[in-house]
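K.L.:
Would you be able to build a 3D model of this:
(one chain, ligands or ions: 2)
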Amino acid sequence: MSSIRKIPILDLKLADDPAKRGLLLDQLRDALFNVGFLYICNHGVPQDIIDALSSKLPTLFHLPQQRKRELSKTKSPHFLGFSDYAQETTQGKLDLREQYDIATELPEVYQKDATPNERGRDFSKLFVHLVEEAFSIPIGTFDSFFNKNSDSAVSDSTTASDFLSPQHRLRFNFYPAMPPEQEGQGVGPHKDMAGWLTFLHQVGTERALDVQDRDGSWIPVDPIPGTLVVNLGYAFEAATEGAARATVHRVRARSQKDRYSIPFFMGLPLDLKLSEVQNVIPESVRAMRRKELENGEWAIDKKIETFLDPRWDSIGESVLRRFIRGYKKTALKYYGQEVY
Ligand SMILES: O=C(O)CCC(=O)C(=O)O
Ligand SMILES: [Fe+2]
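P.N.:
Ligands and ions are numbered 1, 2, ... in the order given. Got it, this is the predicted structure:
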């Protein structure tokens, strides 16, 4: 077992060079199995698009309160839209941020044409292909989970194309600057619940994001121009039986300057069962954490966090459970008492 030490930076351009691809895959395995957090550069998302989007965020978050209320998450059965400042709590403390969430719409629910975030989906799929290669499973294995009603890339897949679309979620976070005496929790220590993988753009140069090392200490994840931060969601950790960790992270609310960030949470199909994902993860990967436990390692983090409880055995239900916890009133309004 190793500690996080330093967050690695992976240059995805190495994937194009046959002589260097092996090195990139070694770095990726180290990042997935030993760190759970990484930066990627040369990721293929054009910088001008990232900059154009980032520059719109102050306007978005300074819309009149009335407009923000109309677009409130509490009015959406999919928990999309605005969350007010300090509306959410993490670990019992208020998160000093506002959020705006947009996501792949689900035609099965809305009965209208979906407008999925194609760009985000396509680039994140390329990264997933590298993960498959790092796991030594056929490239395209996971495509069957993402391509509804299309041919599976894996011929013997039993599941392939019948799943609901995954709900990819793009979030804008706003952490307003505050008087020094009020510096506190931008978002408290958490693992990303709703997604398979998270790709994060930190706008500006403010140091605010930290990742927790295995001894409990905090390591800064400073913004590095031209990179995206990648971390793993709960479902990834659960599917690999803990071999690849959904590392705990937090954001400090700072006094210097307003801060914005843009995470893209790559989802899995909402009706997919965890066992169906586990079926395509090689036993050699799933056995890694078991071996570490037998060897007495992982002293501070013995049990794999329970991602699923028996009532909620699909990814979608688990994601819903996360929102029920965060937005009790909205959940009751749309889903009724039986969701508890
Ligand atoms: O703002 C950040 O840098 C990270 C935000 C985050 O962890 C989240 O929204 O889940
Ligand atoms: Fe997060």
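K.L.:
who in the stretch 151-300 of the chain is up against ligand 1?
P.N.:
171, 173, 187, 192, 200, 202, 209, 249, 251, 261, 263 (Cβ under 6 Å from any ligand atom). All C-beta atoms are positioned from the backbone trio N, CA, C, and that covers glycine.
K.L.:
run the last query once more with 8 Å
P.N.:
171, 173, 175, 186-187, 190, 192, 198, 200, 202, 208-209, 221, 229, 249-251, 259, 261, 263, 265 (Cβ under 8 Å from any ligand atom).
K.L.:
Can you select the buried ones from those residues in PyMOL?
P.N.:
Buried residues among those (16 or more other Cβ atoms under 10 Å), as a PyMOL selection:
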select buried, resi 171+173+175+186+187+192+198+200+202+208+209+221+229+249+250+251+259+261+263+265
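K.L.:
Which members of the residues of the stretch 151-300 of the chain next to ligand 1 are positioned in strands?
P.N.:
The strands, defined by DSSP state E, take in 171, 173, 175, 186-187, 190, 198, 200, 202, 209, 229, 249-251, 259, 261, 263, 265 from those.
K.L.:
now the helices: where do they sit in the stretch 151-300 of the chain?
P.N.:
For the stretch 151-300 of the chain, applying DSSP state H, counting those that start in this stretch gives helices covering 234-239, 274-278, 283-294.
K.L.:
Identify the residues contacting the first one?
P.N.:
With contacts defined as Cβ atoms under 8 Å, 6 or more residues apart in numbering, helix 234-239 is touched by 191-193, 195-197, 244-246, 268, 274, 277-278, 281, 304-305, 307-308, 315, 318.
K.L.:
hang on, the earlier thing: lowest mean pLDDT across the helices of the stretch 151-300 of the chain, which one is that?
P.N.:
The minimum mean pLDDT among the helices of the stretch 151-300 of the chain belongs to helix 283-294 (a mean of 82).
K.L.:
what separates that helix from the chain centre, distance-wise?
P.N.:
Distance of helix 283-294 from its chain centroid, counting by Cα atoms, centre = their mean, to the nearest Å, is 23 Å.
K.L.:
Would you tell me what the next helix or strand after that helix is?
P.N.:
Tracing the chain C-terminally past helix 283-294 and defining elements by DSSP states H and E, one meets helix 315-326 next.
K.L.:
Let's verify the residue in the stretch 1-150 of the chain positioned nearest to ligand 1: helix, strand, or coil?
P.N.:
Residue nearest to ligand 1 within the stretch 1-150 of the chain: residue 99 (7.2 Å; Cβ to the nearest ligand atom). Three-state assignment for residue 99 (DSSP: H, G, I helix; E, B strand; the rest coil): strand.
K.L.:
Rebuild the helices of the stretch 151-300 of the chain as JSON lines, extending it with distance to residue 335 and mean neighbour count.
P.N.:
As requested, the helices of the stretch 151-300 of the chain are exported to JSON lines (distance: least, Cβ to Cβ, whole Å; neighbours: other Cβ atoms under 10 Å):
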{"stretch": "helix 234-239", "distance to residue 335": "20", "mean neighbour count": "24"}
{"stretch": "helix 274-278", "distance to residue 335": "21", "mean neighbour count": "17"}
{"stretch": "helix 283-294", "distance to residue 335": "33", "mean neighbour count": "14"}
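K.L.:
Columns distance to residue 25 on top of these, output as TSV?
P.N.:
Listed next are those as TSV, based on distance: least, Cβ to Cβ, whole Å:
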stretch	distance to residue 25
helix 234-239	17
helix 274-278	21
helix 283-294	13
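K.L.:
measure the residue of the chain found nearest ligand 1 to residue 98 for me?
P.N.:
Residue nearest to ligand 1 within the chain: residue 261 (3.3 Å; Cβ to the nearest ligand atom). Residue 261 is 12 Å from residue 98, where distance means Cβ to Cβ, to the nearest Å.
K.L.:
Same check on residue 321?
P.N.:
Distance, residue 321 to residue 98, using Cβ to Cβ: 24 Å.
K.L.:
now do residue 280
P.N.:
Distance from residue 280 to residue 98, by Cβ to Cβ: 38 Å.
K.L.:
ok, the residue sitting nearest the centre point of the chain - contacts?
P.N.:
When Cα atoms, centre = their mean is applied to the chain, the residue found nearest the centroid is residue 198 (3.0 Å). By Cβ under 8 Å, 6+ apart, the residues touching residue 198 are 192, 229, 230, 231, 232, 233, 263, 264, 265, 266.
K.L.:
That'll do, ta.
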